[in-house]
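Engineer: Mind folding the following:
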Amino acid sequence: MPHDPKQASADWLELVRQKVESLRFGVVQIVVHDSKVTQVERTEKIRLPDVKANRDNQMNSTEQTTGPSQKKNIPTGLPEVLFK
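Structural biologist: Numbers count the residues shown, from 1 in each chain. Take a look at the predicted model:
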């Protein structure tokens, strides 16, 4: 069954609109072959909290309450990696 070209255009435009509206950070790509949209790709980026800013805030807080000698043992939320 042949597909109406105007309907096909409206279909991919609506799909792109939905993908963009549901995306906070990321990319929506339109792939074209022989002048026709054949694929719409959505890549979402998830922003993680700024670990360095959190660590700096914790260090400042520890310095104010216990003094600078205690700031070595502040948890960063990341696993500790030891190099030999």
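Engineer: how much space between Val31 and Pro49?
Structural biologist: Separation of Val31 from Pro49 (Cβ to Cβ, to the nearest Å) stands at 34 Å. Where C-beta positions appear, they are placed from N, C-alpha and C, glycine not excepted.
Engineer: where does the chain have low pLDDT?
Structural biologist: 1-3, 5, 53-84 (pLDDT under 70).
Engineer: quick one: the helices in the protein?
Structural biologist: In the chain, the segments counted as helices under DSSP state H are 5-21, 51-66.
Engineer: List the buried residues for the first one?
Structural biologist: Along helix 5-21, these residues count as buried under the neighbour rule (16 or more other Cβ atoms under 10 Å): 16, 19.
Engineer: Stretch 36-45 now?
Structural biologist: Val37.
Engineer: send the alpha carbons of that stretch over as CSV?
Structural biologist: Taking C-alpha atoms only, stretch 36-45 is exported to CSV below (Å, rounded to 0.1, in the frame of the first residue of the first chain):
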residue,chain,number,x,y,z
LYS,A,36,14.0,10.8,2.3
VAL,A,37,14.1,10.7,6.1
THR,A,38,14.8,7.1,7.0
GLN,A,39,15.8,7.3,10.6
VAL,A,40,15.5,9.5,13.7
GLU,A,41,18.1,9.0,16.4
ARG,A,42,17.9,10.3,19.9
THR,A,43,20.9,10.4,22.2
GLU,A,44,20.3,11.5,25.8
LYS,A,45,23.0,12.8,28.1
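Engineer: Mind listing residues that contact that stretch?
Structural biologist: 8, 12, 15-16, 19, 23-32 (Cβ atoms under 8 Å, 6 or more residues apart in numbering).
Engineer: rerun that using 7 Å as the cut-off
Structural biologist: Here stretch 36-45 makes contact (Cβ atoms under 7 Å, 6 or more residues apart in numbering) with 12, 15-16, 19, 23, 25-32.
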